[in-house]
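J.: Okay, sequence plus prediction incoming.
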Amino acid sequence: MTVEREQLGADVLIVGAGPAGLSCALHLANLIKKHNESGAKPELSSENIYVLEKGREIGAHQLSGAIMNPKALAELVPDFQKSAPLDTPVTDSAALFFTEGSSFRFPVTPPPFQNRGNYVVSLNKIVKWLGGLVEAAGVNVFKEFGGAQLVYEGQGVAGVITEDKGLDKNGQPKDNFTPGYELRAKVTVLAEGTRGSLTKKLVAEKKLDNINPQSYGIGIKELWDVRPGAIEPGYVAHTLGWPVSTDIYGGGWIYGLSQNRVSIGLVLALEYADPQFDPHAAFQMWKTHPHVKKILEGGKLVRYGAKSLPYGGWYAMPRNTVDGVLIIGDSGSFLDSQRLKGIHLAMKSGMLAAETIFEALKAGDTSRETLGTFQQRIEKSYIRDEMWKVRNFHQSFQRGMFRGFIHTAFQQITGGRGLVDPMHAEAGYKHYKKLDATHKSGSKDGERFKGDGKLTFDRLTDVYHSGTRHDEDQPCHLHILDTNICITKCVEEYGNPCQYFCPAAVYEMARETSGAQRLKINFANCVHCKTCDIADPYQIIDWVVPEGGGGPNYEGM
């Protein structure tokens with residue numbers, strides 16, 4: 001059907017209200033304010049900055065461990081300690097090695113696990129607070145709107161089209177149908193987070209890939225209320241070992257928050273060999289370790305969530321500039337792959353983007369050549385310093401933990417170079433071994449981890465605690481490009497890994513009365529982690545934005 005869309009214009013359109021997008025908006029608004037107060041020309045306006053947030057409120061989709069290095073926040077909001085929701089400073093940094101029945105604390109905590117000077121925070125709360133500062137600065141924030149399509153003009157980007165609202169599950173207009181807006185801007189900033197749907201398309205269409213494909217991990221998190229004294233606020237532990245095998249890169253975390261609350265989780269690289277490996281079940285098993293169980297016993301699960309993150313580092317960063325567009329935050333791979341810290345790097349990337357855009361608006365030139373100074377700013381900042389030192393880190397572990405530690409030792413003494421520079425990698429989904437060539441995990445078709453309902457939980461119980469909701473009478477936002485592959489080739493070769501890697505029970509192989517199999521997609525469960533888009537062995541799952549306002553509600557996460 002032909003749709004007439006209302007068109008709105010702005011100077012700057014930021015897609016995504018995470019730490020990167022909001023830092024970009026706030027820093028740009030502050031630069032504009034100083035510029036106008038000085039009487040300089042041309043006069044600019046913060047009201048001409050638009051921010052799109054697909055969640056029902058700012059912060060609803062924000063999830064991280066989270067340990068925050070405050071250096072970028074101190075630049076953005078110099079008096080941040082007066083009002084920022086900093087839960088507790090880190091008081092103890094531990095590195096633990098787990099065997100099935102015991103744990104061993106490293107006598108000296110390795111540098112990547114040292115967190116003195118950092119804060120344990122809720123990213124949801126930090127982003128909510130930042131959002132309030134952005135709105136107070138006069139920026140227009142549009143909640144419950146996602147970027148569905150890029151608007152191209154010539155060789156560049158001229159804005160985005162937001163998703164249509166009020167379509168039924170067959171794509172037909174309901175009584176409340178509202179076409180998406182065409183939002184045009186001089187500069188569009190893609191701050192969509194990991195595996196952003198618009199960023200993915202732009203990188204493919206404009207061939208912006210770096211020398212390595214992006215590597216990804218999945219972080220699965222639970223937030224618990226625990227007994228008084230079960231954990232000290234500010235206690236931070238990272239775990240290696242059981243139940244994660246040595247051929248998988250991953251480990252757990254335990255962060256003590258204030259008010260008898262603890263953040264726990266498991267983060268795993270999405271590049272393992274066994275297509276029937278179940279990250280959610282591994283996390284539940286990890287919780288049964290005596291060290292973790294002792295903390296959680298007598299406690300109560302508060303929230304659950306899952307999120308992918310970009311591991312690839314410096315050599316996997318896409319080229320971040322096209323005429324009229326910049327890519328920042330996790331969309332641009334701004335994450336320290338060794339420390340798995342990205343909040344301060346995402347914020348700094350947003351601030352450097354703001355400075356680039358500010359100069360472009362003053363010059364009246366938003367071409368790739370002018371916006372290209374963004375990369376120069378990155379090269380001169382601590383982003384480059386931090387990421388260059390670990391430029392080959394994650395790639396070192398693609399052949400297992402032991403080889404990874406050997407490579408990492410050489411990288412430590414050579415400033416990140418190691419034995420090979422650059423160290424090449426392949427996309428994670430290519431690591432799967434076909435069922436006749438791998439040791440199966442023991443999972444049986446249709447069998448799922450059930451949990452005991454007190455310490456461990458099945459996926460649907462966890463999804464309930466994520467606050468996820470979608471209107472079921474809307475188009476499915478998980479597009480399968482060839483469903484025939486799912487019920488034929490994928491069954492035989494990989495046993496439908498989507499049933500196992502999804503942490504929200506979205507994908508289900510169901511049997512018809514005739515005995516034939518079909519793929520059932522429970523899209524209403526989707527927590528927007530993007531794992532399916534990343535880990536599908538045939539790359540036929542395309543995650544697109546659902547109707548705005550849907551998805552998880554990561555309150556306090």
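T.: Sure thing, it's come through. Numbers count the residues shown, from 1 in each chain.

J.: Now do the contacts for V491.
T.: V491 sits next to M509, Q517 when contact means C-beta atoms under 8 Å, 6 or more residues apart in numbering. In short, each C-beta sits where N, CA and C put it, glycine included.

J.: quick one: what helix or strand has it in it?
T.: Per DSSP states H and E: V491 is located in helix 489-494.

J.: and the next element down the chain from that helix?
T.: helix 498-501.

J.: Show me what that following helix packs onto, helices and strands only.
T.: strand 507-511, helix 531-535 (3 or more C-beta pairs under 8 Å, 6 or more residues apart in numbering; DSSP states H and E).

J.: Quick one: name whatever helix or strand follows the last one.
T.: Just to be clear, that refers to helix 531-535. strand 541-543.

J.: Report the distance from that following strand to the chain centre.
T.: 16 Å (C-alpha atoms, centre = their mean, to the nearest Å).

J.: So what pairs up with Q517 in the strands?
T.: R511 (DSSP bridges).

J.: quick one: it and I487 touch, right?
T.: Yes - if you go by C-beta atoms under 8 Å, Q517 and I487 touch, sitting 5.0 Å apart.

J.: what about the longest helix in this protein?
T.: Secondary structure of the chain per DSSP state H: the longest helix is helix 343-363.

J.: Quick check: buried residues in that one?
T.: 343-361 (16 or more other C-beta atoms under 10 Å).

J.: Which elements pack onto the helix or strand following it?
T.: Per DSSP H and E, helix 343-363 leads on to helix 368-371 as the next helix or strand towards the C-terminus. Applying 3+ C-beta pairs under 8 Å, 6+ apart, one finds that helix 368-371 contacts strand 321-322, helix 343-363.

J.: re earlier: with respect to the helices and strands packed on helix 498-501, which exhibits the lowest mean confidence?
T.: Here the helices and strands packed on helix 498-501 differ in mean pLDDT, and the lowest is strand 507-511 at a mean of 91.

J.: which strands and helices sit next to it?
T.: Helices and strands touching strand 507-511, by 3+ C-beta pairs under 8 Å, 6+ apart, are helix 498-501, strand 517-521.

J.: Can I get the one helix or strand in the chain whose mean pLDDT sits lowest as PDB, trimmed to CA atoms?
T.: Least confident helix or strand, the chain: helix 401-413 with a mean of 83, by mean pLDDT, DSSP states H and E. Extracted in PDB, the C-alpha atoms of helix 401-413 (Å, rounded to 0.1, in the frame of the first residue of the first chain):
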ATOM      1  CA  MET A 401      41.200 -20.200  26.500                       C
ATOM      2  CA  PHE A 402      44.700 -21.700  26.900                       C
ATOM      3  CA  ARG A 403      46.000 -20.400  23.500                       C
ATOM      4  CA  GLY A 404      44.300 -17.100  24.400                       C
ATOM      5  CA  PHE A 405      46.300 -16.700  27.600                       C
ATOM      6  CA  ILE A 406      49.600 -17.400  25.800                       C
ATOM      7  CA  HIS A 407      48.800 -14.800  23.100                       C
ATOM      8  CA  THR A 408      47.700 -12.300  25.800                       C
ATOM      9  CA  ALA A 409      50.900 -12.700  27.700                       C
ATOM     10  CA  PHE A 410      52.900 -11.600  24.600                       C
ATOM     11  CA  GLN A 411      50.400  -8.800  24.000                       C
ATOM     12  CA  GLN A 412      50.900  -7.400  27.500                       C
ATOM     13  CA  ILE A 413      54.600  -7.000  26.900                       C
END
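
J.: and that helix, how far out from the chain's middle?
T.: With C-alpha atoms, centre = their mean, you get 26 Å for helix 401-413.

J.: Next secondary structure element downstream of that helix?
T.: helix 459-464.

J.: So what's the gap between that following helix and the chain middle?
T.: Put simply, helix 459-464 sits 20 Å off its chain's centre (C-alpha atoms, centre = their mean).

J.: Turn the helices and strands packed on helix 368-371 into JSON lines, including distance to H424 and mean pLDDT.
T.: What follows is the helices and strands packed on helix 368-371, written out as JSON lines (distance: least, C-beta to C-beta, whole Å; pLDDT from 0 to 100):
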{"stretch": "strand 321-322", "distance to H424": "24", "mean pLDDT": "96"}
{"stretch": "helix 343-363", "distance to H424": "23", "mean pLDDT": "98"}
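
J.: out of the ones you listed, nearest to E144?
T.: The closest of the helices and strands packed on helix 368-371 to E144 is helix 343-363. By C-beta to C-beta, the value is 21.7 Å.

J.: Output the contacting helices and strands for the closest one.
T.: With 3+ C-beta pairs under 8 Å, 6+ apart as the test, helix 343-363 has strand 7-15, helix 19-37, helix 71-76, strand 182-190, strand 325-327, helix 368-371, helix 373-380, helix 382-388 packed against it.

J.: Using PDB, list the CA coordinates for that helix.
T.: Taking C-alpha atoms only, helix 343-363 is exported to PDB below (Å, rounded to 0.1, in the frame of the first residue of the first chain):
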ATOM      1  CA  ILE A 343      30.100   2.800  29.000                       C
ATOM      2  CA  HIS A 344      32.800   5.400  29.200                       C
ATOM      3  CA  LEU A 345      34.000   4.700  25.700                       C
ATOM      4  CA  ALA A 346      30.400   4.900  24.300                       C
ATOM      5  CA  MET A 347      29.900   8.200  26.100                       C
ATOM      6  CA  LYS A 348      33.200   9.600  24.900                       C
ATOM      7  CA  SER A 349      32.400   8.500  21.300                       C
ATOM      8  CA  GLY A 350      29.200  10.500  21.600                       C
ATOM      9  CA  MET A 351      30.900  13.500  22.900                       C
ATOM     10  CA  LEU A 352      33.500  13.500  20.100                       C
ATOM     11  CA  ALA A 353      30.700  13.000  17.600                       C
ATOM     12  CA  ALA A 354      29.000  16.100  19.100                       C
ATOM     13  CA  GLU A 355      32.200  18.200  18.600                       C
ATOM     14  CA  THR A 356      32.400  17.000  15.000                       C
ATOM     15  CA  ILE A 357      28.800  17.800  14.300                       C
ATOM     16  CA  PHE A 358      29.000  21.200  16.000                       C
ATOM     17  CA  GLU A 359      31.900  22.200  13.700                       C
ATOM     18  CA  ALA A 360      30.000  20.800  10.700                       C
ATOM     19  CA  LEU A 361      26.900  22.800  11.500                       C
ATOM     20  CA  LYS A 362      28.800  26.000  11.900                       C
ATOM     21  CA  ALA A 363      30.500  25.400   8.600                       C
END
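
J.: and the angle from it to strand 7-15?
T.: 140 degrees (axes from the mean of the first three to the mean of the last three C-alpha atoms, to 10 degrees).

J.: circling back: which stretch in the helices and strands packed on strand 507-511 has the least confidence?
T.: Among these, strand 517-521 carries the lowest mean pLDDT, at a mean of 92.

J.: Spell out the residue ranges of the strands in the stretch 101-250 of the chain.
T.: Counting by DSSP state E, counting those that start in this stretch, the stretch 101-250 of the chain has strands at residues 103-105, 119-120, 140-143, 147-153, 156-162, 165-167, 173-178, 182-190, 216-225, 235-241, 250-257.

J.: Parallel or antiparallel, list what pairs with the first one.
T.: Strand 103-105 has these partner strands in its sheet, going by DSSP bridges: strand 92-98 (antiparallel).

J.: Could I get the buried residue list for the strand it pairs with?
T.: S93, A94, A95, L96, F98.

J.: Please tell me how far that strand is from the chain's geometric centre.
T.: The answer for strand 92-98 is 25 Å, by C-alpha atoms, centre = their mean.
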